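[1] take this sequence and fold it.
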Amino acid sequence: MSTAATPVLRDARWTDLTVLARLESALFPDDAWDERSWWAELAARPRRDYVVAEDGDALLGYGGLDHGGEVSDVMTVAVAPAARGRGLGRTLLDELERRASGRGAEHVMLEVRADNDAATGLYGSAGYTVLTTRRGYYQPGAVDALVMRKTLRQNGVGDD
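    Got it, this is the predicted structure:
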């Protein structure tokens with residue numbers, strides 16, 4: 001995998017499905033989306049909106065949204081292990097927020113495993129706050145889910 005300083009962000013394509021499923025399986029072995037799940041997500045566009053980060057031919061990460069009007073939900077943000085520590089998760093999250101705001105969302109919400117320190121740290125540093133905890137939500141293991149929200153707009157004025 002290359003180590004370019006600035007990966008290119010682009011919309012996810014149908015031709016990415018195999019790589020997305022393979023990366024998802026490596027990152028989330030207990031509840032990974034398979035190719036059929038990814039196909040369904042891309043087929044739900046324009047409500048669903050997925051972006052990938054690539055460096056040459058390598059996909060380094062991806063993120064996705066569900067646009068639901070004044071609230072957009074982050075469906076996923078993931079970064080390949082070899083690409084971590086370069087701020088790519090924040091870059092993807094910033095892009096998702098930009099897309100949500102562009103579609104009129106006032107808030108972005110997400111769920112994250114309470115034991116995912118890297119993700120909870122990212123979201124907290126990006127201004128997300130915990131609204132509630134869903135006890136034992138993630139299986140196996142009965143891991144809690146933190147439901148988090150960030151306000152993008154206040155009184156009609158965007159943060160971006």
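
[2] what helix or strand is residue 134 on?
    Residue 134 is located in strand 129-138, with elements delineated by DSSP states H and E.

[3] determine the set of other helices and strands touching that strand.
    strand 107-113, strand 143-151 (3 or more Cβ pairs under 8 Å, 6 or more residues apart in numbering; DSSP states H and E). In this view, the C-beta of every residue, glycine as well, is placed from N, C-alpha and C.

[4] quick one: mean pLDDT for that strand?
    Regarding strand 129-138, the rounded mean pLDDT is 95.

[5] name the strands paired with that strand and say parallel or antiparallel.
    Next to strand 129-138 in the sheet, as set by DSSP bridges, lie strand 143-151 (antiparallel).

[6] quick one: distance of the partner strand to the chain centre.
    Centre-to-centre, strand 143-151 and its host chain are 13 Å apart (Cα atoms, centre = their mean, to the nearest Å).

[7] in this structure, which spans are helices?
    17-27, 35-43, 88-102, 117-125 (DSSP state H).

[8] quote the end-to-end distance of stretch 119-137.
    Terminal residues of stretch 119-137 are spaced 17 Å apart (Cα to Cα, to the nearest Å).
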